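[1] Pasting a predicted model and its sequence here:
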There are 2 protein chains.
Amino acid sequence: MPPFEFTVTHRDSETKARTGVLRTPHGTVETPVFMPVGTLGTVKGLTHEELEQLGVEIVLANTYHLYLRPGEGVIRELGGLHRFMSWERAILTDSGGYQVFSMRALRDVTDEGVRFRSHLDGSLHFLTPERAVEIQGSFGSDILMPLDECTEFPAGAVTAEKATERTLAWAERSQDAWRHLTDGNGQAARGALFGIVQGGTYRELRRRCAGRLVEMGFAGYAIGGLSVGEARPLTMEMVAVTEECLPAEKPRYVMGVGLPEDLPQYVALGVDMMDCVLPTRNGRNGCLFTSQGQLHIRHARFARDPRPLDESCACPVCRRYSRAYLRHLFVSGEILGKILNTLHNVYFYLDTMRRMRQTIQAGDFTRFSSEFRSRLQGEVP
Amino acid sequence: MPPFEFTVTHRDSETKARTGVLRTPHGTVETPVFMPVGTLGTVKGLTHEELEQLGVEIVLANTYHLYLRPGEGVIRELGGLHRFMSWERAILTDSGGYQVFSMRALRDVTDEGVRFRSHLDGSLHFLTPERAVEIQGSFGSDILMPLDECTEFPAGAVTAEKATERTLAWAERSQDAWRHLTDGNGQAARGALFGIVQGGTYRELRRRCAGRLVEMGFAGYAIGGLSVGEARPLTMEMVAVTEECLPAEKPRYVMGVGLPEDLPQYVALGVDMMDCVLPTRNGRNGCLFTSQGQLHIRHARFARDPRPLDESCACPVCRRYSRAYLRHLFVSGEILGKILNTLHNVYFYLDTMRRMRQTIQAGDFTRFSSEFRSRLQGEVP
């Protein structure tokens, strides 16, 4: 049995939505899946036990951050990222590219790779496609992402094309590095390398990039460089254009999205995997996602409100705590406020994905999607 | 069946240590007990579920802090502190006196009560013995503490005597207020009011204060004004002197103590209840209590240490996580670091109390106490 395998289990008849099972070296993942972000090897605010109870089957971790702290050597010496974190389920790591490209003043890009300064201590580092694969190999990631060049929005056609071509060249080098690593070390490196489609907001670039990556052949395909400031319809168009070029039997992953109301739209376009810091970051900031829309728990109108955050939510927070108590915790700056808000938000995302999987299987996805999205337009009572 | 009752179940033959059961309106509490501090209605860093899984049967909450935020009215309107917090087990509240007396610049004491300014917004408040009881009655506390006057260490004999006499006069007024409240409202106010023995470090004052409180007759007796800077042997002497004046059939509570190595000493002097911010506050600051002594997780020597915090600890943290991971979380400022450190420390305190209860019942307390204390002198390996 191969350590990494994707099987589509159901297809929606009205949209491109589908359910599937991703088999990884660290357990199976039901798709469409939302992956909570665990930047430094922890999903901020939650214990691993809470993640397990929520049904989280895969988390995302950031190579850039973990490479700087605690460092590749510590993680390797402790037996890889799973053992370092004491997390036995699947882990996807990004390549570090997105973080490095976000630090415009601190980096210098050539065809060879990216030279950058640590945001922690200013130390100088050089990241190449080969190193990004090697680091993620040390981590023992279940899904590895290749180094890519992200452009800002808006990016001119020449800039976008250059970045796309560099991304393609780097994808090839990443694939070589990964083959070299896995040939020599079949046991330690059992994860799967994905390709990343770039191309800015240019249909032709997206198609060209996807086509070339598919020729190279990856275990899955990510769509990167979106949700960086462009209007949502344009994001969706780029996803749709790209999806048409990708093989149906491989998983598709849209990186860094999205708002709850966007999730069914991505799924309807055939997306299998998503990640985003919104449920965790907004949770810590007191912005809560509910079936009626967003709720800012700091508002004075919740000070004496005995109701749960969301009457129709079955999460551990909504089953036990009142808005009044959650507001009190938040305005008092208590850690428990951050914990409970994060728990609720992550549950809300996971529950939304679960409902989508169920309704796709039941042939009821379009109805679910439109009801879910229309409820989110309302005012939280 | 009375809503509040204390039964001594075992007595140690070599010391004054004893086990007991405290029956409260919100469940029974096995003593000797350590009460985690939940200042603002939350034990900082832990969920209620975690507290329950740790076996916490009673928490302490601070009247001063809750009175200011979210306020007595909000808590009353939400149905009392238990319902506001969604915590069904027992709660002991202090009177607010300790916090008010700690703010020297912001308060003004007369025989009538204490005028003070809020540390949050500077608003002016007046706390009397009657108000302190009334507020705790609104909270629905299982154990209420009367307003008392704490002196600093060292305090002159005249100052200490004046504070003791005022504490006694306030105890009487508190008792009257509590009787008035419970006579008129038997259902809502089912908790028990304790007396607080003051007297600084003066044996005679301690004896006088204890004797007069016992004449008044309280459901339990607290020993206050200790662990405020005096040497540990003096603390223990004051506890011993006071204990001799207290009735054997009532619970004794030493307020605001202590370090792990002190716990068996207090228990050996006949103390049934303790509370302290150390396990939670030190946990957040990365100072961990283990069976071998204190461990500062930020130290570089733990960066690659795959061992648990404490090899002989069965807590959820030691069963799962390495020192290397805990250090990484701490130096990265991750919330999970604070959570796990607090979880371990609170477990360590509760486990120590559990072992004391077991060894008292097994006639083995003195051996346990001396082994426990001698191990704590060592260097954490």
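    It's in.
[2] what about the helix or strand of chain A at the bottom of the mean pLDDT ranking and chain B, touching?
    One helix or strand of chain A scores below all others by mean pLDDT, DSSP states H and E: helix A:97-102, with a mean of 86. No: shown here: helix A:97-102 not in contact with chain B (CB under 8 Å from any CB of the partner chain), separated by at least 14.9 Å. Where you see a C-beta, it was placed from the backbone N, CA and C, and this is true even at glycine.
[3] And the next helix or strand past that helix?
    Downstream of helix A:97-102, the next assigned helix or strand under DSSP states H and E is strand A:107-109.
[4] Give me the contacts around that following strand.
    With contacts defined as CB atoms under 8 Å, 6 or more residues apart in numbering or on different chains, strand A:107-109 is touched by A:100-101, A:114-117, A:149.
[5] Pull up the pairing partners for that strand, direction included.
    Strand pairing for strand A:107-109, using DSSP bridges, gives strand A:114-117 (antiparallel).
[6] so how far is the partner strand from its chain's centroid?
    24 Å (CA atoms, centre = their mean, to the nearest Å).
[7] and whichever helix or strand comes after that strand, which strands flank it?
    Beyond strand A:114-117 on the C-terminal side, the first helix or strand identified by DSSP H and E is strand A:124-127. Paired strands of strand A:124-127, with direction, are strand A:114-117 (antiparallel) (DSSP bridges).
[8] what does the average pLDDT come to for the strand it pairs with?
    Averaged over strand A:114-117, pLDDT sits at 94.
[9] Alpha carbons only: can I get it in PDB?
    Presented in PDB, the C-alpha positions along strand A:114-117 are these (Å, rounded to 0.1, in the frame of the first residue of the first chain):
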ATOM      1  CA  VAL A 114      16.200  33.600  -1.900                       C
ATOM      2  CA  ARG A 115      18.600  35.300   0.500                       C
ATOM      3  CA  PHE A 116      16.700  36.600   3.500                       C
ATOM      4  CA  ARG A 117      17.300  38.000   7.000                       C
END
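[10] tell me which strands and helices the helix or strand hosting A:Ala163 is in contact with?
    Using DSSP H and E, A:Ala163 maps to helix A:157-184. Secondary structure elements in contact with helix A:157-184, counted by 3 or more CB pairs under 8 Å, 6 or more residues apart in numbering or on different chains; DSSP states H and E, are helix A:129-139, strand A:192-193, strand A:195-197, helix A:203-216.
[11] hmm, 6 Å instead?
    Packing contacts for helix A:157-184, counted by 3 or more CB pairs under 6 Å, 6 or more residues apart in numbering or on different chains; DSSP states H and E, involve helix A:129-139, helix A:203-216.
[12] Now tell me what touches the least confident helix or strand of chain A from outside.
    With CB atoms under 6 Å, 6 or more residues apart in numbering or on different chains as the test, helix A:97-102 has contacts from A:64, A:107, A:114, A:116, A:147-148, A:150.
[13] can you list the residues of the stretch 251-381 of chain A near chain B?
    A:304, A:306, A:320-321, A:324-325, A:328, A:332, A:334-336 (CB under 6 Å from any CB of the partner chain).
[14] Inside helices: which ones of the residues you listed?
    A:324-325, A:328, A:335-336 (DSSP state H).
[15] List the buried residues of stretch A:64-71.
    A:64-70 (16 or more other CB atoms under 10 Å in any protein chain shown).
[16] do the same with stretch A:284-301
    Buried-residue list, stretch A:284-301, by 16+ other CB under 10 Å: A:284, A:286-293, A:295, A:297.
[17] Any stretches of chain A with poor pLDDT?
    A:1-2, A:184-189 (pLDDT under 70).
[18] Just the C-alphas of stretch A:81-89, formatted as CSV.
    The C-alpha trace of stretch A:81-89 is given here as CSV (Å, rounded to 0.1, in the frame of the first residue of the first chain):
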residue,chain,number,x,y,z
LEU,A,81,8.1,17.3,13.5
HIS,A,82,5.5,14.8,14.5
ARG,A,83,7.5,13.5,17.4
PHE,A,84,8.8,17.0,18.3
MET,A,85,5.2,18.2,18.5
SER,A,86,3.8,14.9,19.9
TRP,A,87,1.2,15.0,17.1
GLU,A,88,0.5,11.7,15.4
ARG,A,89,-1.9,12.9,12.7
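[19] Do that stretch and chain B come into contact?
    Yes: counting by CB under 6 Å from any CB, chain B is contacted by stretch A:81-89 at A:84, A:86.
[20] and that stretch, how far out from the chain's middle?
    Counting by CA atoms, centre = their mean, stretch A:81-89 comes out at 18 Å from the chain centroid.
[21] quick one: contacts of it?
    By CB under 6 Å, 6+ apart, the list of residues contacting stretch A:81-89 reads A:26-27, A:41, A:48, A:57, A:75, A:78, A:91, A:139-140, B:320-321, B:325.
[22] Mind checking what secondary structure the residue lying closest to A:Arg357 once chain neighbours are set aside has?
    Nearest residue to A:Arg357, sequence neighbours excluded (CB to CB, 6 or more residues apart in numbering or on different chains): A:Thr19, at 5.0 Å. Three-state assignment for A:Thr19 (DSSP: H, G, I helix; E, B strand; the rest coil): strand.
[23] what does the one 10 residues further on give?
    A:Val29 falls in the strand class when you classify it by three-state DSSP.
[24] Just the buried subset of the contacts of stretch A:81-89, written out for ChimeraX, thanks.
    In ChimeraX syntax, the buried subset of the contacts of stretch A:81-89 is picked out as below (16+ other CB under 10 Å):
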select /A:26,41,48,57,75,78,91,139,140 /B:320,321,325
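[25] Any chance of the contacts of stretch A:81-89 in a markdown table with distance to B:Leu343 as columns?
    Rendered in a markdown table, the data for the contacts of stretch A:81-89 read as follows (distance: CB to CB, whole Å):
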| residue | distance to B:Leu343 |
| --- | --- |
| A:His26 | 25 |
| A:Gly27 | 25 |
| A:Gly41 | 18 |
| A:His48 | 12 |
| A:Glu57 | 24 |
| A:Ile75 | 24 |
| A:Leu78 | 21 |
| A:Ile91 | 23 |
| A:Phe139 | 26 |
| A:Gly140 | 27 |
| B:Arg320 | 11 |
| B:Tyr321 | 10 |
| B:Tyr325 | 14 |
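[26] ok, the contacts of stretch A:81-89 vs B:Gly156, which is closest?
    Proximity of these to B:Gly156 (CB to CB) peaks at B:Tyr321, which lies at 50.3 Å.
[27] Pull up the gap between the closest one and B:Ile339, please.
    11 Å (CB to CB, to the nearest Å).
[28] same thing with A:Leu295?
    Per CB to CB, A:Leu295 is found 24 Å from B:Ile339.
[29] go on, A:Gln198?
    38 Å.
[30] right, and out of the buried residues of stretch A:64-71, which lies closest to chain B?
    A:Pro70 (4.4 Å; CB to the nearest CB).
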